[in-house]
Each structure stands twice: as structure tokens, then as C-alpha cells.
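J.: When you get a sec, could you give me coordinates for this:
(chains A and B)
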Amino acid sequence: GIQVEQSPPDLILQEGANSTLRCNFSDSVNNLQWFHQNPWGQLINLFYIPSGTKQNGRLSATTVATERYSLLYISSSQTTDSGVYFCAVRSSGGYNKLIFGAGTRLAVHP
Amino acid sequence: ETGVTQSPTHLIKTRGQQVTLRCSSQSGHNTVSWYQQALGQGPQFIFQYYREEENGRGNFPPRFSGLQFPNYSSELNVNALELDDSALYLCASTTGGGGINEQFFGPGTRLTVL
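T.: Residues are numbered from 1 along each chain as shown, chains lettered A, B, ... in the order given. Below is the predicted model:
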């Protein structure tokens, strides 16, 4: 089945810093979503981005489907950005399910 | 807020018992999926329901079963609970019968098996 790898696994930032999170996947996809999981477990939708580039405030994402990777950019990080960021994909030839990466755990310190 | 609701929020059971978790999908969504998230890991797909039928299943044993009702809400039932079933159970809703469209998750039910 499709493999999803996220890097880095852990990231510590000072407030105001910028960061890039990466998601590599091993097969073609027709769904790719980025989520932020808050300390209470809620998965918050950041981007639905099977291809192309999108921006939402301080966050932006780019998926290069032909090269099988996606990037999530966080600019001017804030303490509220702390939590776990997940990338999840659905394989084009596969099952009706999202496959999640292991996540990037982000801590932003004041 | 995604519009997807789950109940209960927390649950404590003992090994061997049975549990039922509930999910109400976002308005206009006819497809519900269930995921299990163990501590420190990403969510894992359990199954999906579309038009009241199971429409895909992950690598979970038959003691994990589900239902979808005409109003698209759904239940996850787990029989003969084991200690390893302790996890956060997440429900996601979307439109269409597959996984292509954007999925929205509920707040989860945290199950502890003692």
C-alpha cells in the first residue's frame, strides 16, 4: 500500500520563526489533506490540496503530485501553532481511506 | 468547528465488555469513516459507510462493526474489548462514496480499557 513519510518528526521554534514541514508519498494520490491536531485531539483542516498551491493567512501549502511530495509552510509562528501536524493521502488506485503519516510535532516557545 | 459531532467524549470500560460510539455527520454529508488513533501515532482507517452500507474496511478484526442510519449518522461497535483498544476514536464525514473529497473530523471519543 501507499507509504506516507513526514519530516521532521519534531520541531522546536521560537515565536516569530518560519518553518517548512514535508510530506512524501510513494504512489499517485487524488486526495491530500493537511491537519493540525490540537492538544484535545481535534483534527483541524488546514488544506485540501491534491495538487497546486494554496494560502490561508500565515499558512501555505504546495503539492507537487508528479514528484510525490507536499510542503506546509508556517510563517511568523505563534505559540498557538503548537501541536501535531498530519499529512493524509488517498491513493489514486486504492481504497476509500485516508492514509496518515506519523506527524510532525511542533512546539513554539515565546 | 466542523459540524461533525461524536459521543460520548470519554469512556472507561473493562476488558471483555462491549462499547458503542456515535457520530453525527456534517449537514449535507452522506459518507462516514471511522479511524482509531493510538497514543503517539497517526489515525488508522477502520471502515467507511456510504448509503448505509460498509464501503471499505481497514485491517481490523470483525469484532469492530458499524452501522449507518438513514440520516447518515453512524455507530461504531467494538465487542470483547482488549487493552490495546484503548485509543482516540475519530469519525470523519464527507460527500460521495469514496475518499476523494475533503474529509472533516469530529472531536473524537477517548476510550480507555482497563
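J.: List, one by one, the residues from chain A near chain B.
T.: Counting by CB under 8 Å from any CB of the partner chain, chain A comes close to chain B at A:30-31, A:33, A:35, A:40-43, A:45, A:48, A:86, A:88, A:90, A:95-103. (Each C-beta comes from the backbone N, C-alpha and C, glycine too.)
J.: 10 Å instead, please
T.: For chain A, the residues in contact with chain B (CB under 10 Å from any CB of the partner chain) are A:1, A:4, A:6, A:29-31, A:33, A:35, A:37-38, A:40-45, A:47-50, A:84, A:86-92, A:94-103, A:105.
J.: Strands - which of those land there?
T.: Judged by DSSP state E, strands contain the following of the residues of chain A next to chain B: A:4, A:6, A:29-31, A:33, A:35, A:37, A:43-45, A:47-48, A:84, A:86-91, A:99-100, A:105.
J.: Look at B:Gly97 and report its pLDDT.
T.: The per-residue pLDDT reported for B:Gly97 equals 64.
J.: Ignore what I typed, I meant A:Gly1.
T.: You'll see A:Gly1 listed with a pLDDT of 85.
J.: So which bits of the helix or strand encompassing B:Asn77 are buried?
T.: B:Asn77 is part of strand B:74-78, with elements assigned from DSSP states H and E. The neighbour-count criterion (16 or more other CB atoms under 10 Å in any protein chain shown) identifies B:Ser74, B:Glu75, B:Leu76, B:Val78 as the buried residues of strand B:74-78.
J.: Give me the contact list for that strand.
T.: Residues from elsewhere that reach strand B:74-78, judged by CB atoms under 10 Å, 6 or more residues apart in numbering or on different chains: B:6, B:13, B:17-25, B:31-36, B:46-49, B:52, B:60-61, B:63-69, B:85, B:89, B:91, B:93, B:109, B:111, B:113.
J.: partners of that strand, with directions?
T.: Based on DSSP bridges, the strands next to strand B:74-78 in the sheet, each with its direction, are strand B:19-24 (antiparallel), strand B:64-68 (antiparallel).
J.: quick one, which of those is nearest to A:Ser75?
T.: Closest to A:Ser75 of those, according to CB to CB: strand B:19-24, at 34.9 Å.
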